[in-house]
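> I'll drop the sequence and a predicted model, then ask my questions.
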Amino acid sequence: MTDSSKIFDEMNSRSREVFRRVVEGYLETGDPVGSRTLTRSLSENVSAATIRNVMQDLEYLGLLDSPHISAGRVPTQMGLRMFVDGLLEVGDLDTGDREKIDATMGDTGGDVGSLLDRVSTALSGVTHGASLVLAPKHEAPIKHIEFVSLAQDRALVVLVFADGHVENRLFTPPAGQTPSSLREAANFLNAVAEGRTLSELQSAVQEEIKTRRQEIDTLARDMVENGLALWADGDEQPERLIVRGRSNLLGAGEDEGDLERIRTLFDDLERKRDIADFLQLAEEGDGVRIFIGSENKLFSLSGSSLVVSPYMNADRKIVGAVGVIGPKRLNYGRIVPIVDYTAQLVGKLLSDRG
């Protein structure tokens, strides 16, 4: 049992109701909730002074905080976590929200990237937050590989997949590469790659190099051994993470502190860093997960909250994730079913495409 759940169990019914009303009021308006406001909404008739005493006790327990003297109370991160774990009522998906999401799926033609782009745009529009959609790694067999040298420390690999999909990936090649070594490396890989996915190619290349070590130039071998490990790691492709609705976050900032946190979040989203960790966040639990403030290690400095859910392919393997990020006062009860529905829908559509 966590500290917060132990505290929750020990709270009496009045304390629980005051706590719940404060959190619900804060999530609805973003403003501190005062004792006089609560006297009009509590189920029992008690004075404002009595409510203030209860709020002081909740503040002492670390569940509430007062941003300014006589400004009412807001929930702390610990308080929000307790509310999400113990009091949050997740509603059914609104019919209008469902129709808006479904409308983006009407045209299932085009490539997966276009489909997920529309999904991400719809998700940000429906939730009024910033949406994150992590596209699945492309696992079709390789048809052809080509290297293009751009500078001493920069090269481009062109991957042509058997299904017609083409990807260009920038990477840093091993030192000393020449046009000749790049051609030799490409020829070696093409001889091994046909019919294999990128992940399958990595293990196959190691075996081929062992048996054909004398047939390949040292530079080309370095390119194959070291370069493949770099550009074949699809988790590092920044284009896998689709972010839409950044402008929705601007309306959430009302003071200088809020704006600074939003700027930090913008920087994090712009860099699209640690996207492999984004998928890991979703994989660590079943269904929709909620990360509040510093619990969200990807965007911890921005003080934001993330609601995320993985989606699966036809083999029930987790291949991507969808999520919504915004201020800690997200409407969790409404956003959780939206993210859950979108993740299931994306998984079904991708499975149907084969």
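In hand now; what should we look at? Numbers count the residues shown, from 1 in each chain.
> And the helices in the stretch 101-250 of the chain?
Taking DSSP state H, counting those that start in this stretch as the test, the helices found in the stretch 101-250 of the chain are 112-127, 179-193, 198-211, 218-222, 228-231.
> Deepest in the core, which of those helices is it.
Of all the helices of the stretch 101-250 of the chain, helix 112-127 carries the top mean neighbour count, a mean of 20, counting by mean count of other C-beta atoms under 10 Å. All C-beta spots, glycine's among them, are computed from the backbone N, C-alpha and C.
> Look up how far residue 38 lies from residue 64.
The gap separating residue 64 from residue 38 is 12 Å, by C-beta to C-beta, to the nearest Å.
> joint contacts of the two?
By C-beta atoms under 8 Å, 6 or more residues apart in numbering, residue 64 and residue 38 have these common neighbours: residue 22.
> Comparing the two, which residue is more hemmed in?
Neighbours per residue (other C-beta atoms under 10 Å) separate residue 64 from residue 38, with residue 64 holding more: 26 against 23.
> Which strand residues bridge that one?
Using DSSP bridges, the beta-bridge partners of residue 64 come out as residue 75.
> quick one: which of the helices of the stretch 101-250 of the chain is nearest residue 262?
Ranking the helices of the stretch 101-250 of the chain by their distance to residue 262 (criterion: C-beta to C-beta) puts helix 112-127 first, at 14.9 Å.
> which strands and helices sit next to the closest one?
Applying 3 or more C-beta pairs under 8 Å, 6 or more residues apart in numbering; DSSP states H and E, one finds that helix 112-127 contacts helix 95-104, strand 130-134, strand 241-244, strand 318-327, helix 332-353.
> now the last one, how far from the centre of its chain.
Which is helix 332-353. Put simply, helix 332-353 sits 14 Å off its chain's centre (C-alpha atoms, centre = their mean, to the nearest Å).
> List the buried residues for it?
Neighbour-count burial for helix 332-353 flags 332, 334-343, 345-347, 349-350 (criterion: 16 or more other C-beta atoms under 10 Å).
> What of stretch 145-154?
Per 16+ other C-beta under 10 Å, stretch 145-154 contains these buried residues: 145, 147.
> can you give me the mean pLDDT across that stretch?
Averaging pLDDT along stretch 145-154 gives 83.
> got the CA positions of it in PDB?
C-alpha atoms of stretch 145-154 as PDB (Å, rounded to 0.1, in the frame of the first residue of the first chain):
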ATOM      1  CA  ILE A 145      19.800  -0.500 -49.800                       C
ATOM      2  CA  GLU A 146      21.800   2.500 -51.100                       C
ATOM      3  CA  PHE A 147      24.300   4.800 -49.300                       C
ATOM      4  CA  VAL A 148      24.900   8.400 -50.200                       C
ATOM      5  CA  SER A 149      27.800  10.300 -48.700                       C
ATOM      6  CA  LEU A 150      26.900  13.900 -47.700                       C
ATOM      7  CA  ALA A 151      30.000  14.900 -45.700                       C
ATOM      8  CA  GLN A 152      32.800  13.200 -43.800                       C
ATOM      9  CA  ASP A 153      30.600  12.800 -40.700                       C
ATOM     10  CA  ARG A 154      27.200  12.500 -42.400                       C
END
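> What are the contacting residues of stretch 51-58?
Where contact means C-beta under 8 Å, 6+ apart, the residues beyond stretch 51-58 that reach it are 14, 15, 18, 19, 22, 35, 38, 39, 42, 64, 73, 79.
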